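Visitor: Got a predicted structure here, sequence first:
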Amino acid sequence: MDRSANQGGRDLTVAEWPPPTPPGRGTLEGGLDRLYAGRFSDRDRREKLRLWEILCRSFFDRYVPSEGAVLDVGAGYCDFVNHIRAARRLAVDLNPDTARAAAPGVEVHQHPLERLDEVIEPDSIDLAFASNVFEHLRGPDALLQVLAALKAVLKPGGRLMIMQPNARLVGGSFWDFFDHTLPLSEKGMSEALGFAGYEVVECRARFMPYTTKSRLPKAPSLVRLYLALPPAQWAFGKQMLVVARKPTSGA
């Protein structure tokens, strides 16, 4: 689930930080690989891979037409796109590690999210998935730019699925990560989607726990049980799940 909000991996030393900044990018954008390599240990990565395989088989596969195209927005280490079943799979992220993590057959674009419609064909995507991405954008205008770019590449009737920390539920811990810049609740996210011309078709304030390092058991059978029991999500969920649809006509 949370592909960015985890700490405890390798330390970033003074010598390593700040990393060299590629031309045209800020210090943070140019150092995403170094930042996340420091947050996720090898053990974290292995556990997350197992968790995402269960999440895709037990929950997310139902949203994806088997012959369709899926776009992982801010794909990070490709935890979602490597496990989801679809005829065509794409990933967009500025992190150079995304290309290294992608499974065979996954199309990777190292490109700004606000301009992803420059590298992906219009009206070509059945489902776009953004997990723990939008809280890293620099503000509401940047969010609207990304939503507009996604709307351009989604097919009419195509869906955008968003999973990210619910700022109303995580409280002050939202700010435990210096690259968290845009706090939103499920209501704020829905408002932004409506403003951008989407139709919200599903909205859950509580879905998954805040981080993959929670104390909840991660045995496959227990994860499947958690996904099947809404009361468990109401008790422990601090990440929202919002699904929106691009209108089939008009806006």
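Guide: It's in. Source: prediction; values computed, not measured.
Visitor: mean confidence for the lengthiest helix in the chain?
Guide: Counting by DSSP state H, the longest helix found in the chain is helix 42-58. Here helix 42-58 scores 85 as its mean pLDDT.
Visitor: Going forward, the N-terminal residue is numbered 27.
Guide: Got it, the first residue is 27 from now on, which makes the last one we talked about helix 68-84.
Visitor: Restrict that helix to CA atoms and write it as CSV.
Guide: Extracted in CSV, the C-alpha atoms of helix 68-84 (Å, rounded to 0.1, in the frame of the first residue of the first chain):
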residue,chain,number,x,y,z
ASP,A,68,15.4,-4.9,1.5
ARG,A,69,13.1,-6.6,4.0
ASP,A,70,10.5,-3.9,3.6
ARG,A,71,10.6,-4.3,-0.2
ARG,A,72,10.1,-8.1,0.0
GLU,A,73,7.2,-7.7,2.4
LYS,A,74,5.6,-5.1,0.3
LEU,A,75,5.9,-7.3,-2.8
ARG,A,76,4.0,-10.1,-1.1
LEU,A,77,1.4,-7.7,0.2
TRP,A,78,0.7,-6.2,-3.2
GLU,A,79,0.3,-9.6,-4.8
ILE,A,80,-2.4,-10.4,-2.3
LEU,A,81,-4.0,-7.0,-2.7
CYS,A,82,-4.2,-7.4,-6.5
ARG,A,83,-5.5,-10.9,-6.5
SER,A,84,-8.0,-10.4,-3.7
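Visitor: same for the very next helix or strand once past it, what does it pack against?
Guide: Using DSSP states H and E, the next helix or strand after helix 68-84 towards the C-terminus is strand 95-99. Strand 95-99 sits against strand 114-118, strand 151-157, helix 166-179, with contacts defined as 3 or more CB pairs under 8 Å, 6 or more residues apart in numbering; DSSP states H and E. (C-beta placed from N, C-alpha, C; glycine too.)
Visitor: Select, out of these, the one closest to Trp78.
Guide: strand 151-157 (9.2 Å; CB to CB).
Visitor: From the rest of the structure, what touches that closest one?
Guide: 27-29, 86, 89-91, 94-100, 105-107, 110, 112, 116, 176, 179-181, 184-190 (CB atoms under 8 Å, 6 or more residues apart in numbering).
Visitor: now the strands for the stretch 127-276 of the chain?
Guide: Counting by DSSP state E, counting those that start in this stretch, the stretch 127-276 of the chain has strands at residues 132-135, 151-157, 180-191, 225-230, 265-271.
Visitor: if we can go back for a sec, so which of the helices and strands packed on strand 95-99 is nearest Ser275?
Guide: Going by CB to CB, the one of the helices and strands packed on strand 95-99 nearest Ser275 is helix 166-179, 13.2 Å.
Visitor: okay, the strands of the stretch 127-276 of the chain in TSV with distance to Leu81 and mean neighbour count next?
Guide: Below are these laid out as TSV (distance: least, CB to CB, whole Å; neighbours: other CB atoms under 10 Å):
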stretch	distance to Leu81	mean neighbour count
strand 132-135	17	18
strand 151-157	10	24
strand 180-191	10	22
strand 225-230	14	15
strand 265-271	11	23
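Visitor: Could you check how many residues crowd around Asp205?
Guide: 14 (other CB atoms under 10 Å).
Visitor: Leaving out chain neighbours, which residue sits closest to it?
Guide: Nearest non-adjacent residue to Asp205, counting by CB to CB, 6 or more residues apart in numbering: His162, 5.4 Å away.
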